[in-house]
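Chemist: For reference, the sequence and a predicted model appear below.
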Amino acid sequence: MLNVFVGYDPREAAAYHTFCQSVIEYASVPVKFVPLHRPMLDNFDGQRDGTNAFIFSRFLVPYLTGYNGV
């Protein structure tokens, strides 16, 4: 199964669902979507400069997948 991490903003819910539907339609393997929603990221102690709600979430993906560097 392929994990797809994607930012989710309730103000852009239609875009999120359109993206997911497109991936499902064209994927050749089973896909699991993991939405990265702003409240989910509140405990992350990254820099808060306000540039983008998901700017630091890409660094969490290895952690969320259990990657240990091997």
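Modeler: Structure's in. What do you need? In this text, all values refer to a predicted model and were calculated from it rather than measured experimentally.
Chemist: and the host helix or strand of Ser22, what other elements does it pack with?
Modeler: Assessed by DSSP states H and E, Ser22 sits inside helix 13-26. Where contact means 3 or more CB pairs under 8 Å, 6 or more residues apart in numbering; DSSP states H and E, helix 13-26 is packed against strand 2-8, strand 31-37. All C-beta atoms are positioned from the backbone trio N, CA, C, and that covers glycine.
Chemist: residues contacting the residue nearest to Cys20 when sequence neighbours are not counted?
Modeler: Of all residues beyond its chain neighbours, the one nearest Cys20 is Phe33 (5.4 Å), with distances taken as CB to CB, 6 or more residues apart in numbering. Listed by CB atoms under 8 Å, 6 or more residues apart in numbering, the contact partners of Phe33 are 4, 6, 20, 23.
Chemist: So which of those is the closest to Asn68?
Modeler: For Asn68, the nearest member of the contacts of Phe33 is Val4. The distance, counting by CB to CB, is 21.2 Å.
Chemist: would you say Tyr67 is within a helix?
Modeler: No - using DSSP: H, G, I helix; E, B strand; the rest coil, the secondary structure at Tyr67 is coil, not a helix.
Chemist: neighbours around it, how many?
Modeler: 9 (other CB atoms under 10 Å).
Chemist: swap in Phe19?
Modeler: Going by other CB under 10 Å, the residues that sit close to Phe19 add up to 16.
Chemist: Tell me where the model's unsure across this protein.
Modeler: 39-56 (pLDDT under 70).
Chemist: For PyMOL, what selects the buried ones among the contacts of Phe33?
Modeler: The buried subset of the contacts of Phe33, as determined by 16 or more other CB atoms under 10 Å, is captured in PyMOL by this line:
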select buried, resi 20
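Chemist: Make TSV out of the contacts of Phe33 and add distance to Phe59.
Modeler: As requested, the contacts of Phe33 are arranged in TSV below (distance: CB to CB, whole Å):
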residue	distance to Phe59
Val4	17
Val6	15
Cys20	23
Val23	23
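Chemist: rewinding a little: quick one: the helix holding Ser22 to strand 2-8, angle?
Modeler: Note on geometry: by axes from the mean of the first three to the mean of the last three CA atoms, to 10 degrees, helix 13-26 and strand 2-8 are set 160 degrees apart in direction.
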